[in-house]
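Colleague: Below: sequence and its predicted model.
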Amino acid sequence: MMNKTPSTPAKIELRHVTHLYLSAHRAFMAVKDINLRVEEGEFICLVGPSGCGKTTLLSLIAGLEKPTSGELFIDGKPVSGTSSQVGYMLQQDYLFNWRSIEDNVFLGLEIQGIRNKETEEYALHLLEEMELVDVRRSSPTQLSGGMRQRVALVRTLACQPDVLLLDEPFSALDYHTKLKLEDLVFTTLRRHKKTALLVTHDLSESIALGDRVTILSRNPGQVRMELTIPPAIRNALPFEARNQEGFQDVFHQVWKEMEVVSDASKGN
Ligand SMILES: Nc1ncnc2c1ncn2[C@@H]1O[C@H](COP(=O)(O)OP(=O)(O)OP(=O)(O)O)[C@@H](O)[C@H]1O
């Protein structure tokens with residue numbers, strides 16, 4: 001993470017963000033008074049019980065939803081809609097089976113009107129980094145779930161966003177693939193100095209990947225706790241981080257908070 005003076009705008013900042021979903025019959029407050037600051041190059045993991053508003057927060061940051069009240073900024077500028085500066089990757093990979101792997105990757109470039117020799121070369125370089133270059137002419141149907149997720153990540157990174165929003169990208173994968181992919185994604189995002197917000201239900205994953213873990217409570221979603229991951233854990237790759245001294249202590253701390261927020265939401 002880069003050192004910043006307090007006056008430097010954060011990469012992402014949420015100030016008193018509240019969001020209500022309105023329907024014909026009711027208004028539902030999904031998140032309330034959220035304040036969050038993510039510095040350039042930071043990797044933040046969002047955890048919390050189902051329905052606490054994690055995806056809502058990503059949609060607001062991506063500019064897909066407009067908050068009912070409060071303000072959101074990227075690099076100090078108000079978020080006013082979607083932007084190529086922000087890449088959003090979901091649990092489902094949304095690859096098109098009738099296009100080859102490289103044509104799926106180039107699709108993001110086409111949509112943004114930036115497909116040219118230089119951006120294609122960059123995309124191919126990313127495919128190489130993600131160990132996918134040999135399958136670039138294959139169809140997505142020939143790839144495993146882990147490979148497909150890597151392609152989806154390359155497609156997102158190919159457009160060169162500075163901010164990556166990752167909504168449970170590893171949750172549909174088997175455990176072994178997930179651990180391997182965590183290391184690869186962690187290394188790639190750090191190498192390219194991306195700022196990332198990752199939503200996960202896996203507490204161990206949040207500690208193994210994040211610089212900070214933000215725990216949300218539910219009904220309405222609010223920041224319950226922000227925990228900075230100790231350097232000994234953070235300086236290791238996610239797989240090794242799980243074996244570092246202190247990992248279990250942090251895990252128990254997050255677990256305890258999750259018990260509190262889950263119990264609190266049972267009454268609602
Ligand atoms: N479009 C919508 N209209 C009405 N209510 C919604 C809408 N989207 C989400 N909600 C409600 O807002 C709350 C927060 O939803 P959100 O999907 O952000 O939570 P989440 O923490 O990502 O959940 P999960 O962990 O289950 O994916 C939930 O109670 C959900 O039912």
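Modeller: Here it is on my side, so go on.
Colleague: N104: how many residues sit nearby?
Modeller: 23 (other CB atoms under 10 Å). Yep, even glycine has a C-beta here, placed from its N, CA and C like the rest.
Colleague: who touches it in this structure?
Modeller: By CB atoms under 8 Å, 6 or more residues apart in numbering, the contact set of N104 is L95, F96, P140, V151, R155.
Colleague: Next: C159.
Modeller: S84, G87, G108, L109, Q112, I114.
Colleague: residues in this protein within reach of the ligand, list them.
Modeller: The chain has residues Y21, F28, A30, G48, S50, G51, C52, G53, K54, T55, T56 near the ligand, with proximity defined as CB under 6 Å from any ligand atom.
Colleague: all strands for the protein, in order.
Modeller: 12-22, 27-38, 43-47, 69-74, 77-78, 86-89, 163-167, 195-199, 212-217, 222-228 (DSSP state E).
Colleague: Mind listing the strands the shortest one pairs with, and their directions?
Modeller: Same thing as strand 77-78. With DSSP bridges as the test, strand 77-78 is paired with strand 69-74 (antiparallel).
Colleague: Give me the distance from the partner strand to the chain's centre.
Modeller: Centroid displacement of strand 69-74 relative to its chain, using CA atoms, centre = their mean, to the nearest Å, is 18 Å.
Colleague: returning to what we had before: next step: the contacts of N104 restricted to helices.
Modeller: V151, R155 (DSSP state H).
Colleague: Turn the contacts of N104 into a markdown table, including neighbour count and pLDDT.
Modeller: Listed next are the contacts of N104 as a markdown table, based on neighbours: other CB atoms under 10 Å; pLDDT from 0 to 100:
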| residue | neighbour count | pLDDT |
| --- | --- | --- |
| L95 | 19 | 93 |
| F96 | 11 | 94 |
| P140 | 20 | 95 |
| V151 | 24 | 93 |
| R155 | 24 | 93 |
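Colleague: about what we covered before: which one of the residues of the chain next to the ligand is nearest to R218?
Modeller: Proximity of the residues of the chain next to the ligand to R218 (CB to CB) peaks at C52, which lies at 3.9 Å.
Colleague: Pull the contacting residues for the closest one.
Modeller: C52 touches L216, S217, R218, N219, G221, V261, S265, counting by CB under 8 Å, 6+ apart.
Colleague: quick one: which of these is nearest E205?
Modeller: Using CB to CB, the contacts of C52 come closest to E205 at L216, 15.9 Å.
Colleague: Which pLDDT value goes with the closest one?
Modeller: With respect to pLDDT, L216 scores 96.
Colleague: before we move on, what about L153?
Modeller: 89.
Colleague: ok, now the one 5 residues further on?
Modeller: pLDDT for A158: 91.
Colleague: okay but it is in contact with Y122, surely?
Modeller: Yes - at 6.5 Å, A158 counts as touching Y122 under the criterion of CB atoms under 8 Å.
Colleague: The two: who's more crowded?
Modeller: A158 (25 against 15).
Colleague: All set, thanks.
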